[in-house]
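**Q** Everything below, folded, please.
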Amino acid sequence: MRGQILLRIIPAAALTITLCLASFAVHAAETVVLTETPSDINISASYRGTTLHVEGLAPQDSAIAVRFAGEKTDLALRQKGKVFDLLWMNLGTVHLHNVPSVFLVASSRPLADVGGADLGLEAVRKAITAEENKGDALDIPAELIKLKQQDGLYRESTRGITVADNGSFTANMPIPSRMSPGAYTLEVFALRNGSIAGSASAPVTVRLVGMPAWIDHMARDNSLLYGILSTLIAILGGLAIGIVFQSRGGAH
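**A** Residues are numbered from 1 along each chain as shown. The predicted structure follows:
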């Protein structure tokens, strides 16, 4: 009797273990692993931008999208226009919400071709909301994105990513020089069959170091001394420019 019970239990246990292993294998196949260098970005007096190197492993036959984004903030923009078709004047203020401070995305293939349109700049445009637009036909979120692109803070490209047949990938993402200290998020998406097959993320901290950190600390904690030094620097700069022009005038 016991032998019959054991013979029934053993196949059932084997089947359970097999199903668990198969489920684990499927889950592992959809996992995205990433490492980034550097993990944090330090802004010193000599900072002119940097490159974020990302590498990892994704499901095979996937397109890879790498996204670097800052926190979402609110912006207030002055809206200009012509009055009586003569003078350009401020017509009001437009308040924008859900605006990422930085938004950089690179993909191994065009996002629209692999089901990743929601990961790019078009999704940012749709997410930004504007108040006090007064029925203006101008697409203010789209115009803001153009301005951010000119400043290098927004970018969407298909450059800098290499994907191997086994799913391993490397990416080099240029980070602009006009960065503000704060918390940023690095994300990697694996796109397959028109949808996201897996993703991973890592935090990236941008901080001021050296002279920029000292100036920022003074501006925040000792505004009087900061104002005095700023005034002295402006005066000395003006005197230096005056001396240069005087010396050039005396040479003629």
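**Q** middle-most residue in this protein, spatially?
**A** Geometric centre of the chain, nearest residue: A69, 2.3 Å, by CA atoms, centre = their mean.
**Q** my guess is that one contacts L104, does it?
**A** Yes: at 7.4 Å, A69 counts as touching L104 under the criterion of CB atoms under 8 Å. C-beta here means a position set from N, CA and C on the backbone, and glycine is covered the same way.
**Q** For the residue lying closest to A127 once chain neighbours are set aside, report the pLDDT, please.
**A** The shortest distance from A127 to any non-neighbouring residue, by CB to CB, 6 or more residues apart in numbering, is to N98 (4.9 Å). If you check N98, the pLDDT there is 93.
**Q** List the contacts of N98.
**A** Each residue near N98 by CB atoms under 8 Å, 6 or more residues apart in numbering is listed here: K72, A127, I128, T129.
**Q** And for G194?
**A** V114, G115.
**Q** rerun at 6 Å
**A** G115 (CB atoms under 6 Å, 6 or more residues apart in numbering).
**Q** Just the ones in strands from the contacts of N98, please.
**A** In strands, defined here by DSSP state E, the members of these are K72, T129.
**Q** can you give me the strands for this structure?
**A** Using DSSP E, the strands assigned to the chain run over residues 33-37, 40-43, 50-57, 63-70, 72-83, 87-100, 103-107, 129-131, 154-157, 161-163, 168-175, 182-192, 195-208.
**Q** now what about the third one, what contacts it?
**A** Residues from elsewhere that reach strand 50-57 (CB under 6 Å, 6+ apart): 33-37, 66, 167-168, 170-175.
**Q** Mind checking which of the residues you listed are buried?
**A** By neighbour count, with 16 or more other CB atoms under 10 Å, those hold L34, E36, V66, G167, A171, M173, P174, I175 as buried.
**Q** and those residues as CSV, adding pLDDT?
**A** CSV is the format used below for the buried ones among the contacts of strand 50-57 (pLDDT from 0 to 100):
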residue, pLDDT
L34, 90
E36, 93
V66, 96
G167, 91
A171, 95
M173, 94
P174, 95
I175, 95
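**Q** Most widely separated two among those residues?
**A** Farthest apart among these by CB to CB are G167 and I175. That separation is 25.5 Å.
**Q** For the nearest residue to I41 once chain neighbours are set aside, which residues are in contact?
**A** Spatial nearest neighbour of I41, excluding adjacent residues (CB to CB, 6+ apart): V206 at 4.6 Å. Contacts for V206 (CB under 6 Å, 6+ apart) come out as I41, M179, P181, G182.
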